[in-house]
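Peer 1: Any chance you can model this:
(chains A and B)
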Amino acid sequence: MLKKKIIFLIGPTAVGKSAIAVHLAGKINAEIISCDSMQVYNSMDIVTSQPGRAQRKKVKHHLLGVIKPDKEYNVARYRKDAMSICGKLFSKGSIPLFVGGAGLYYSVIIDGIFPSGPENKSIRARLYKQLSLKGNKYLYDKLSKVDPLSAEKIHPNDARRIIRALEVYMTAGLPISVLQRSRVGLGNKYEIKIFALNTNRRALYDKINQRVNKMFSLGLINEIKGLLKHKLSKTALCAIGVRELEGYFKGKYSLDEARGLIQRNSRRYAKRQLTWFRKDKRIQWVNIKGKETPLEIAKRIWKKLY
RNA sequence: GCCGAGAUAGCUCAGUGGUAGAGCGCGGCCCUGAAAAGGCCGGCGUGGGGGGUCCGAUUCCCUCUCUCGGCA
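Peer 2: Purely as a prediction, here's the structure:
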């Protein structure tokens, strides 16, 4: 029996994934599942550069704007949501096309996630208190005792990972390094294709800078102003553009400075995304040449599918 | 035209008679429940051109070019 196909179209922010994805989906009876940690939020259409209405009309998109910005979201929830949509698409006979730039999110779909209970807020709060009182060295030493394997992998300054490892140990009773070995991926059951888009760095950075300018002309300032009237979840608060503009509203820096910071932070994000993708040897790279249209690129990818 | 200040990393600048640093920018990397987050590593340089003093000059001297102030 032929394995069912799952396609991933990934790439750094602003390379042009969305437009290409719509063309590709149209050719192969696919529906798009967003693979993005910020586009799940609603009321943040401009900052997160959500695909516009026209694109969403042509092809069905999933997991866009489905969460209120005051709600937390995370990889585990994403995996659950995405897998259930995946199942529905299969039963309809359409192909899931994952589109986005979140490295961890796509890898969790393909490679699975280790089993763990939900976040334990009180334990975590206690650990963060210890962090501020006694410093990261204290927590790191603690981790070294209960889970030396993880301690070796995690840098002593990486407080967030140290705390997560301790939290897992305290709730599950087993070191995270042991639990992490049990991941169930999709590789055997499905035919998985991963395409990553890229251009040369200069062109990419130009696109990023321009996209940020476009956000401003689309009304970014008002969007964020409205957003900040309500309490934001710590995850939604992480969207590039929110904190920078908050700083502008508070008089911390000028509008031009805020714009510059948004551009710079987006460039850095793109750089980190590329680092992540580069080490994934399963990826088929699709290099965008200067004047290619989204349709032409989609055709090139389509040819690689069969 | 004259007087003064300066010319060092992509940018803003520091410093030293024994071939140079800082911040920002930029590059590389790590990543399993905050991932657009978080963490680590890296100076990426013909020290404006030419000459002189000296064992040795980016540092001292002369000269040229350019930039910025001030006076005309």
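Peer 1: Can you show me the CA trace of the lengthiest strand in chain A as PDB?
Peer 2: Across chain A, the longest stretch assigned as strand under DSSP state E is strand A:190-198. These are the backbone C-alpha positions of strand A:190-198, laid out as PDB (Å, rounded to 0.1, in the frame of the first residue of the first chain):
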ATOM      1  CA  TYR A 190       4.000   8.400   6.000                       C
ATOM      2  CA  GLU A 191       6.000   9.700   3.100                       C
ATOM      3  CA  ILE A 192       7.400  12.900   4.300                       C
ATOM      4  CA  LYS A 193       8.800  15.700   2.100                       C
ATOM      5  CA  ILE A 194      10.400  18.700   3.500                       C
ATOM      6  CA  PHE A 195      11.100  21.700   1.300                       C
ATOM      7  CA  ALA A 196      12.900  24.700   2.600                       C
ATOM      8  CA  LEU A 197      13.000  28.000   0.700                       C
ATOM      9  CA  ASN A 198      15.900  30.300   0.800                       C
END
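Peer 1: how close does the residue sitting nearest the centre point of chain A get to residue A:173?
Peer 2: By CA atoms, centre = their mean, chain A has its centre lying nearest to residue A:102, at 2.6 Å. Per CB to CB, to the nearest Å, residue A:102 is found 30 Å from residue A:173. C-beta here means a position set from N, CA and C on the backbone, and glycine is covered the same way.
Peer 1: on that earlier part again, just checking, what packs against the longest strand of chain A?
Peer 2: Packing contacts for strand A:190-198, counted by 3 or more CB pairs under 8 Å, 6 or more residues apart in numbering; DSSP states H and E, involve strand A:4-10, helix A:103-111, strand A:284-287, helix A:294-305.
Peer 1: Residues contacting the helix or strand just after the second one, please?
Peer 2: Moving toward the C-terminus from helix A:103-111, the next helix or strand (DSSP states H and E) is helix A:121-134. By CB atoms under 8 Å, 6 or more residues apart in numbering, the surrounding residues in contact with helix A:121-134 are A:138-139, A:159, A:163, A:166-167, A:170-171.
Peer 1: Could you pull out the buried residues of helix A:121-134?
Peer 2: Taking 16 or more other CB atoms under 10 Å as the neighbour-count basis, helix A:121-134 is seen to contain the buried residues A:123-124, A:127, A:130-131.
Peer 1: So which of the contacts of helix A:121-134 is the closest to RNA strand B?
Peer 2: For RNA strand B, the nearest member of the contacts of helix A:121-134 is residue A:159. The distance, counting by CB to the nearest atom of the strand, is 6.1 Å.
Peer 1: residues contacting that closest one?
Peer 2: Neighbouring residues of residue A:159 by CB under 8 Å, 6+ apart: A:131, A:136, A:139.
Peer 1: From those, which one has the minimum pLDDT?
Peer 2: Least confident entry in the contacts of residue A:159, by pLDDT: residue A:136, with 90.
Peer 1: Check whether the helix or strand where residue A:202 lies comes into contact with RNA strand B.
Peer 2: With elements delineated by DSSP H and E, residue A:202 resides in helix A:201-218, which encompasses its position. Yes. Residues of helix A:201-218 contacting RNA strand B under CB under 7 Å from any atom of the strand: A:201, A:205.
Peer 1: and that helix, average pLDDT?
Peer 2: Predicted confidence along helix A:201-218 averages 94 (mean pLDDT).
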